[in-house]
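Asks: output the structure for:
(2 chains)
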Amino acid sequence: MRRYSAFAIAREALRYHSGWGKAWRSPEPKKSYDVVIVGAGGHGLATAYYLGRNFGITNVAILEKGWLGGGNTGRNTTIIRSNYLQDPSAAIYEKARSLYETMSQDLNMNVMFSPRGVMMLAQTQHEIRGFQRTAQANAFQGVKTEFISPQRVKELVPIMNISGPRYPVLGALWQERAGTGRHDAVAWAYARACSGMGMDIIQKCEVTAVNQSNGAVTGVETTRGTIGCKKLGILVAGNSGDLARMAGFRLPMESVALQALVSEPIKPCLDVVVMANTVHGYISQSDKGEFVIGGGTDAFNNYTQRGSFHHIEETIRALIETFPMISRMKMMRQWGGIVDVTGDRSPIISTTPLGNCFINGGWGTGGFKSIPGSGWAMAELIANGQLGPLCAEFGLDRFAEGRFIDESVAAGVAH
Amino acid sequence: MLILTCPYCGVSAEETELHAGGEAHLTRHATGASDDDLQSYLFYRKNPKGVHFERWRHSNGCGKWFHAARCTMTLEVFGTYSAQTTQPPADLIKKIKQKRPDWEGWT
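Replies: As a prediction, the model looks like this:
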């Protein structure tokens, strides 16, 4: 793997950029691997990377039915934050955020992590109390957040109308070191690093069956033949239920559509991420100048990667009240992704009824921000066969035991 | 936009007039149930890629709960029916079988 550097740019400039080469190899699948990861999105690639980096396991294949990073990794609003109320969530999301901070250096690829600050607006009395409580919890968890006044909100975001008629801004939970990243680059950077360690990334290879014998996985049937494995990791977001069905177990999950949209590009005027959970909308401005906007999920089961128009309407209606200047902007693109939502709206990183099969999913609407932390914990689980400290609370057994990680009060929509 | 016909009042209602209520025909395990049955009823769902039987409420209309059969891959609605039943009507199952010969059937 050729290192990216200023020197490399200069060298390539002198020879018409002919020497860059491919960022990752696209090999034919081997007969078998120590570990097969299903899903080459952010979570799958991060898991593979930390398996190699932290545990020296490099005989790994990452299978992808479409193209690398083409699922929810390419369909999110790129927000990275860790201001969670409950300890287990704060720990794993903060791990992820801290890994994002150094990711460009660690993986030698610019993932454009931009710690511009994330602001979650309090627009009801209930939210003020909720966010003050979260800020207090974050202080104990070592996550730096603060509850700020409406005046401070206005200073940070001059284009915001803080005295709207329906939901005036009463304060905000402010995480200064949160922000955004370049979502595709995160997948590409992990893929390049994995390929550099000798792992095989196999695209256009859909898993069609999970082969088993004596309660253990022996391999997977794919559209590119049978691939054997000693351990199997399933990281397929919205398709978790489908993979689990192939493997013969059920999950406490439902798949629904989550949408996002992007406006025409304008001059820079919003340099933080603003989330408004009461009115279901969040917004940030990309480096290209587009407003990146997201809202709530549809309520019904859906695998179509498109959502209902009325959700876009509701999101835009809410944001226009808070940001009157966007009322005449044109929206350029809209898309949907399929997210897997669990009973307590918190993720699952778990062993399964099959001894050597592990599942990571249920990130719902909060998948992108968790990629490095999720991969770190999942690699630990696959390598050791048991839940490490970072994901000890995220096992499937919590649904039988009633030991939920109840974030929904703190995070509502954009959790 | 998803349009479902309410089997009670006969109105073709748009999605905004309705409230989605999740998987239909769950066995409602309660007091005395085993941990497995209770967690299965509360949290575990079929979540199929394909034919899904689900509950809807005509919330901005007659207010009644009803059932619908819908494909989660195409959003095609096969039909709606009364909620006063523990399984989908036989003629609806037959209709879906005709349209989707590969469908594993309702269980």
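
Asks: so which helix or strand takes in the nearest residue to A:Ser286 once chain neighbours are set aside?
Replies: The spatial neighbour of A:Ser286 that comes closest, neighbours along the chain excluded (Cβ to Cβ, 6 or more residues apart in numbering or on different chains), is A:Val292 at 5.5 Å. Using the backbone N, CA and C atoms, a C-beta is placed for each residue, glycine as well. Using DSSP states H and E, A:Val292 maps to strand A:291-297.

Asks: after that strand, heading C-terminal, what element do we hit next?
Replies: Next along from strand A:291-297, by DSSP H and E: helix A:309-322.

Asks: just checking, what packs against that next one?
Replies: Where contact means 3 or more Cβ pairs under 8 Å, 6 or more residues apart in numbering or on different chains; DSSP states H and E, helix A:309-322 is packed against strand A:253-263, strand A:273-276, strand A:281-285, strand A:291-297, strand A:331-342.

Asks: mind listing what the third one pairs with, with the direction of each?
Replies: What that stands for is strand A:281-285. Using DSSP bridges, the strands paired with strand A:281-285 are strand A:273-276 (antiparallel), strand A:291-297 (antiparallel).

Asks: quick one: contacts for the residue in the stretch 1-150 of chain A that chain B sits nearest to?
Replies: Closest to chain B within the stretch 1-150 of chain A is A:Lys65: 12.5 Å, counting by Cβ to the nearest Cβ. Shown in contact with A:Lys65 (Cβ atoms under 8 Å, 6 or more residues apart in numbering or on different chains): A:204-207, A:223.

Asks: as CSV, the residues you listed with pLDDT and distance to A:Pro389 would be great.
Replies: As requested, those are exported to CSV (pLDDT from 0 to 100; distance: Cβ to Cβ, whole Å):
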residue, pLDDT, distance to A:Pro389
A:Lys204, 97, 37
A:Cys205, 97, 33
A:Glu206, 97, 34
A:Val207, 98, 30
A:Thr223, 97, 38
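
Asks: among the residues you listed, which two are most distant?
Replies: With Cβ to Cβ as the measure, no two of these lie farther apart than A:Lys204 and A:Val207, at 12.0 Å.

Asks: got a list of what A:Ala187 touches?
Replies: Each residue near A:Ala187 by Cβ under 8 Å, 6+ apart is listed here: A:40-42, A:45, A:68-69, A:73-74.

Asks: what about the helices in the chain?
Replies: You didn't pick a chain, so chain A it is. Using DSSP state H, the helices of chain A run over A:6-13, A:42-55, A:87-101, A:103-107, A:125-141, A:150-156, A:183-196, A:240-247, A:309-322, A:371-384, A:398-401, A:408-411.

Asks: the intended chain is chain B.
Replies: B:35-42, B:90-99.

Asks: which residues does the shortest one contact?
Replies: With contacts defined as Cβ under 8 Å, 6+ apart, helix B:35-42 is touched by A:250, A:252, A:343, A:399-400, B:26-30, B:33.

Asks: what comes up buried for it?
Replies: Residues of helix B:35-42 classed as buried: B:38-40 (neighbour count, 16 or more other Cβ atoms under 10 Å in any protein chain shown).

Asks: then stretch B:8-21?
Replies: Residues of stretch B:8-21 classed as buried by neighbour count (16+ other Cβ under 10 Å): B:8, B:13, B:15-21.

Asks: that older thread, and of the helices and strands packed on helix A:309-322, who's closest to A:Trp24?
Replies: Closest to A:Trp24 of the helices and strands packed on helix A:309-322, according to Cβ to Cβ: strand A:331-342, at 23.1 Å.
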